[in-house]
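Novice: What shape does this take:
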Amino acid sequence: MLPWKRVLRPLAALLLTAAVAVVPATTAQAAEAAATTHSGWNDYSCKPSAAHPRPVVLVHGTFANSVDNWLGLAPYLKNRGYCVFSLDYGQLPGVPFFHALGPIDKSAEQLSAYVDKVLAATGAAEADLVGHSQGGMMPRYYVKFLGGAAKVNALVGIAPNNHGTTLGGLANLLPYFPGADDLLSTATPALAQQMAGSAFMTKLNEGGDTVPGVRYTVIATKYDEVVTPYRTQFLNGPDVKNVLIQDRCAVDLSEHALLGLTDRIAFHEVVNALDPARATPTTCASVIG
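Specialist: Model prediction:
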């Protein structure tokens, strides 16, 4: 094999990885914060109120962690009276701070154990899950295959990769780089599993997108450059609400990362999904709500 072909294999995988990793790199300060108690959330003495009777478990996305993905949404929910928790999952050996890269089925097992821990601490019978990107999709595996349906009331996905991504067509180039597929699967299994047409995605969606007894909400942006086409994020089935954020505020320009990190219009829609009985209209003015 020519030397340049040997170089192209890791380069192709690196480019694919970079395309997914649009969440800004964690700063040293945020990394240190990840090792400490989070201000305002992950408080295991928190007891859900009558107004908000279920704890909220936040599930981060690919390359993120339990702190950096939720510096905006966790305080937003906490300030509205929710008991809020977040976990780290999908860690690879020797890779600190950047998680959700391991096999997704194993990550779902970690989520299962974490939900049990939160329910035991809070005394609640069920939890509500809110996830960004992979974190909005991975819980569906927990709900569908690991008994999560009995413990989850609502699943809210912010820009979730529910049916696999083409990465704006970039994934279609994989066959032209011999070995890139294998390298991606070996080095970062969760990335390979999230590609459109993967065996994991086929298994996840066989027999329908949803499981009875769970309410599903998907919040998407038409400017998503990671989970493409963006409409593949939407779910089909009973008890599903699909929201395109530009239908709530046409001038909202948030793309994949910002939708979960800072978009208060999306945050308002999350609260509506968690408490539909008290839902209020989501508009451009929700940014100051």
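Novice: drop to CA atoms for contacts and neighbour counts, all remaining ones
Specialist: OK.
Novice: Give me the distance from stretch 119-137 to the chain's centre.
Specialist: Taking C-alpha atoms, centre = their mean, to the nearest Å, one finds the center of stretch 119-137 at 12 Å from the center of the full chain.
Novice: Alpha carbons only: can I get it in CSV?
Specialist: Written as CSV, here are the backbone C-alpha positions of stretch 119-137 (Å, rounded to 0.1, in the frame of the first residue of the first chain):
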residue,chain,number,x,y,z
LEU,A,119,-34.8,7.2,42.2
ALA,A,120,-33.5,5.5,45.4
ALA,A,121,-32.1,8.9,46.7
THR,A,122,-35.2,10.9,45.8
GLY,A,123,-37.8,8.4,46.6
ALA,A,124,-39.5,8.9,43.3
ALA,A,125,-41.1,6.1,41.3
GLU,A,126,-40.1,7.6,37.9
ALA,A,127,-37.7,10.0,36.4
ASP,A,128,-37.8,12.4,33.5
LEU,A,129,-34.8,12.3,31.1
VAL,A,130,-33.5,15.2,29.0
GLY,A,131,-30.7,14.5,26.6
HIS,A,132,-28.7,16.4,24.0
SER,A,133,-27.5,14.7,20.7
GLN,A,134,-26.5,11.1,21.5
GLY,A,135,-27.9,11.8,25.0
GLY,A,136,-31.3,12.3,23.5
MET,A,137,-31.1,9.0,21.6
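Novice: in stretch 254-268, what counts as buried?
Specialist: For stretch 254-268, a neighbour-count test (16 or more other C-alpha atoms under 10 Å) marks 254-268 as buried.
Novice: likewise stretch 82-102?
Specialist: Buried residues in stretch 82-102 (16+ other C-alpha under 10 Å): 82-92, 97-102.
Novice: same question, stretch 128-136
Specialist: 128, 129, 130, 131, 132, 133, 134, 135, 136.
Novice: how far does stretch 107-124 sit from the chain's center?
Specialist: Relative to its chain's centre, stretch 107-124 lies at 17 Å (C-alpha atoms, centre = their mean).
Novice: tell me the pLDDT at residue 101?
Specialist: Residue 101 carries a pLDDT value of 95.
Novice: Just say helix, strand or coil for it.
Specialist: Recorded secondary structure, residue 101: coil (DSSP: H, G, I helix; E, B strand; the rest coil).
Novice: residues in contact with it?
Specialist: Taking C-alpha atoms under 8 Å, 6 or more residues apart in numbering as the criterion, residue 101 is in contact with 62, 63, 90, 91, 92, 188, 189, 190, 191.
Novice: Surely residue 58 is in contact with residue 88?
Specialist: No: the criterion here is C-alpha atoms under 8 Å, and residue 58 misses it with residue 88 at 9.7 Å.
Novice: Now the common contact residues for the two.
Specialist: residue 66.
Novice: Nearest to residue 244 among the buried residues of stretch 254-268?
Specialist: Set against residue 244, the nearest of the buried residues of stretch 254-268 by C-alpha to C-alpha is residue 266 (9.6 Å).
Novice: doesn't residue 246 make contact with the closest one?
Specialist: No: Residue 266 sits out of contact with residue 246 when judged by C-alpha under 8 Å, with a separation of 10.0 Å.
Novice: hang on, the earlier thing: take the buried residues of stretch 82-102 and keep only those in helices.
Specialist: If you go by DSSP state H, these have nothing in helices.
Novice: What residue, apart from its backbone neighbours, is nearest residue 134 spatially?
Specialist: Nearest residue to residue 134, sequence neighbours excluded (C-alpha to C-alpha, 6 or more residues apart in numbering): residue 61, at 4.8 Å.
Novice: next one: residue 204
Specialist: Closest to residue 204 by C-alpha to C-alpha, 6+ apart is residue 141, at 6.4 Å.
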